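1. based on what follows, work out the 3D shape:
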Amino acid sequence: MPVRRFLVMLAFVLGIAPGTAHAAIAARADDPCAVGERYFPATRLCVSPRFAAYWDGNGGLAQQGNPIGKAVDEVNPGDGKTYRVQYFERARFEAHPENQAPHDVELGRLGAEQQAARYPTGTPPRPGPCPIGEQAFAPTQRCVGARFAAYWAEHGGLAQQGYPLGDELIEISPLDNQPYRVQYFERARFEHHPEHQAPYDVLLGLLGSEQHTAKYGGGRPGPSPSGSPAPGNPIIFRDGFAEPQSGWPTGRAPGGEGELSYANGGYRIGIAAARYGLLPTNAAVGSLGDVRIEVAVAKVDGPNDTPFGIQCRAKNSDNLYAALHDGEGHAAIYKIQGGKSTTLASTGKGASPAFKTGDATNHLRFDCLGGALTFYANGQKVAEAQDATFATGRIGFAGFTRDRGGLDIVFRTLVVYGVGGNQSVPSPVPAPTSRTVSGDGAGPLGSWR
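-> Model (predicted):
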């Protein structure tokens, strides 16, 4: 049966195509919020007018992240009083009606709370003056390096970040299990990400997400999908999806059929329409040949028979390889050539025990090495095929719906390894496309064989 498919690319949000939309706070016809509240479709949550105004005036998505929980009453660990709060990915907003605006909204001391939980004995102040090039903070007797000091000054300073509480140290990130140099401040954790170019080489840790998960439950980021790094293979690209400038397209399809966004420490594909697909690729990475792609992904909402997964060697939305699975444990490797899908290998009608079913997180790996295509789930091989049609192309994700819409999936902890000295080659950004695609009856929108 013919199927409509729309590929949202970076050009979509830059206004090259008609129908662009703001992904972070776009309005929806099914907006469930009370009058005056703002709806955040990326996480399907409402934010009060006062918190929304604070979000707007203090860095928005890049500084605070999306809301990740409803507003609740919490006892403040500092003074023992109860305040109305709401958690965002990088912060906890607190309503302080005893203060006059604009000081009636404050950020919680998440940095202090998280540092105390992780390092209960603390760290002693550094003796003597700060080294040349570092900034001294007398109230806490700490030194801050030039890179972090510049970020502190440019992103709200004392009001937004607070004073430094410790020296720089190395921590293993819960997002990708990689070591990063970090420093705790009263309201934040600064992280140095050398894989990104300035000014995005300093990011704020997802302290709001981490603390909200610890208090109220929810999925934590998992380990590397394969359980271990690829020996001898360099990391070409790594993305914890903490920054919306890492190269993935965002926006809504002109007809509202689907949406792409950064959300809750991940990259989200949401598809409202039935028999529809989104295939975003990363514009920043360029064209790759032999690669190993690893990512954690979970279906947040939607039917269990909807396929989603990873792309490799994507020339455009009509020519690519895809490794897909669904919430029932079925999986297949597809070739889409000239808009027509062909099943190269599959688990058949039987489900693979390698997959966690339903809304559980699965750790996927897709090896595209020469003509060999191999799909792994949670460290176990589930499908393999041979095909040499496409030698290079972009990496990407994919999500499709069948007879019912409502698919909502989130990708986390992406790592791309180069194999055999593979290097990224810049490639142009194709224009967004919307067209009919036919299949062999067992393609992404047909039934599993």
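2. please report phi then psi for residue 146.
-> phi -60, psi -40 (degrees, to the nearest 10).
3. skip the chain neighbours and tell me the closest residue to it.
-> residue 133 (5.2 Å; CB to CB, 6 or more residues apart in numbering). Heads up, the C-betas are built off the backbone N, CA and C, glycines and all.
4. and the one you found, how many neighbours does it have?
-> Other residues near residue 133 come to 10 when the count uses other CB atoms under 10 Å.
5. now do the SS call for it.
-> Under DSSP: H, G, I helix; E, B strand; the rest coil, the three-state class of residue 133 is coil.
6. I figured it hits residue 147, correct?
-> No. Counting by CB atoms under 8 Å, residue 133 does not reach residue 147; the two are 10.0 Å apart.
7. part of a strand, is residue 51?
-> No. If the criterion is three-state DSSP, then residue 51 is helix and not within a strand.
8. need the per-residue pLDDT for it.
-> We have a pLDDT of 96 for residue 51.
9. also residue 327?
-> 91.
10. can I assume it is in contact with residue 308?
-> No. Using CB under 8 Å, residue 327 is not in contact with residue 308, being 9.0 Å away.
11. between these two, what contacts are shared?
-> Any residue near both residue 327 and residue 308 by CB atoms under 8 Å, 6 or more residues apart in numbering counts here, and that gives residue 299.
12. so where do the strands sit in the stretch 301-449 of the chain?
-> Along the stretch 301-449 of the chain, counting by DSSP state E, counting those that start in this stretch, strands occupy 308-316, 319-325, 331-337, 340-346, 361-369, 372-377, 380-386, 394-400, 407-418, 433-439.
13. which secondary structure elements does the longest one contact?
-> Contact partners of strand 407-418 among helices and strands, from 3 or more CB pairs under 8 Å, 6 or more residues apart in numbering; DSSP states H and E: strand 235-239, strand 266-271, strand 291-301, strand 394-400.
14. the shortest one too?
-> Under the contact criterion of 3+ CB pairs under 8 Å, 6+ apart, strand 372-377 touches strand 319-325, strand 331-337, strand 340-346, strand 361-369, strand 380-386.
15. give me the contacts around that strand.
-> Under CB under 8 Å, 6+ apart, the answer for strand 372-377 is 225-226, 312, 321, 323, 325, 331, 333, 344-345, 352, 354-355, 362-367, 381-387.
16. pull out the buried members of these.
-> Taking 16 or more other CB atoms under 10 Å as the criterion, what is buried in these is 225-226, 312, 321, 323, 325, 331, 333, 344-345, 352, 354-355, 362-367, 382-383, 385, 387.
17. between the strands of the stretch 301-449 of the chain, which gets nearest to residue 261?
-> strand 407-418 (9.7 Å; CB to CB).
18. distance from that closest one to the middle of the chain?
-> With CA atoms, centre = their mean, to the nearest Å as the basis, strand 407-418 stands 7 Å off its chain's centre.
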